[in-house]
Structure formats: C-alpha cells, structure tokens
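>>> I'd like to go over a predicted model; first the sequence, then the structure.
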Amino acid sequence: MDADTLTTSYDADTAVLTVTGEVDESTGPQLREELEKHSEGFTRDLVVDLGAVDYFPSLAVGVVAAARRRAEESGVDLELLATEGSVAQRVLTVCGLPHRTS
C-alpha cells in the first residue's frame with residue numbers, strides 16, 4: 001500500500017465527512033484527527049461516509065470504533081455510512097459495528 005492515499009472532504013451543511021482511499025498504518029492517524037476535528041472534539045454529530053474507502057483493515061476498525069465510543073460518551077452521534085457491497089460495508093458488518101448503507 002502506498003502511503004498518503006487517504007483523502008477526506010467535509011460538507012459543513014450536512015455534517016458529512018467523506019473518506020476516500022486507504023486507511024492503513026500511515027493514514028489511520030489522519031483519519032483519527034479528521035474525525036475529532038469535524039466532530040469538534042466529539043461535541044457535535046457527524047456522519048462518516050466510508051463508501052469510497054478501498055482498504056479498511058483492523059486498524060481502521062479500531063479508529064472508527066474508538067471514535068464512535070468517544071462520541072457516545074459525549075452524547076453525540078457519529079454515524080457510519082457505507083455503500084452496499086463496499087469494502088468498508090463488508091468489514092463493518094463482519095465486525096458488528098453499527099452502520100447505515102447507501
């Protein structure tokens with residue numbers, strides 16, 4: 001896997017963070033920072049669209065699971081969204097992480 005292959009975009013009107021590319025050892029910290037930044041330190045709701053993620057190993061699962069836990073502890077919703085049949089959707093399903101499909 002090539003480093004630096006994760007991109008994100010944020011739509012402030014809909015509070016949707018769209019993640020594209022690979023979440024691996026080199027990009028996991030970037031995703032963690034983006035989740036914290038766009039949820040304003042887990043103080044506001046955030047939808048994370050993972051439909052365009054094409055590499056989602058256990059490290060990525062750990063990042064989103066920890067973010068969901070922090071959001072829940074803060075009383076806000078961090079919703080995971082993945083396209084039906086996508087890598088992220090299949091991994092989230094296998095891991096039992098709540099998510100919505102599109």
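Looks like it came in fine.
>>> can you pull out the helices in the chain?
Secondary structure of the chain (DSSP state H): helices at 28-38, 58-74, 87-95.
>>> Format the ones you listed as a markdown table; extra columns: mean neighbour count and mean pLDDT.
To be clear about C-beta, it is placed using only N, CA and C from the backbone, and glycine gets the same treatment. Shown next, in a markdown table, are those (neighbours: other C-beta atoms under 10 Å; pLDDT from 0 to 100):
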| stretch | mean neighbour count | mean pLDDT |
| --- | --- | --- |
| helix 28-38 | 17 | 97 |
| helix 58-74 | 16 | 97 |
| helix 87-95 | 18 | 96 |
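>>> Could you point out which of those helices sits nearest Asp45?
Among these, the nearest to Asp45 by C-beta to C-beta is helix 58-74 (8.0 Å).
>>> if I read this right, Tyr55 contacts Asp24, doesn't it?
Yes: using C-beta atoms under 8 Å, Tyr55 makes contact with Asp24 at a distance of 6.1 Å.
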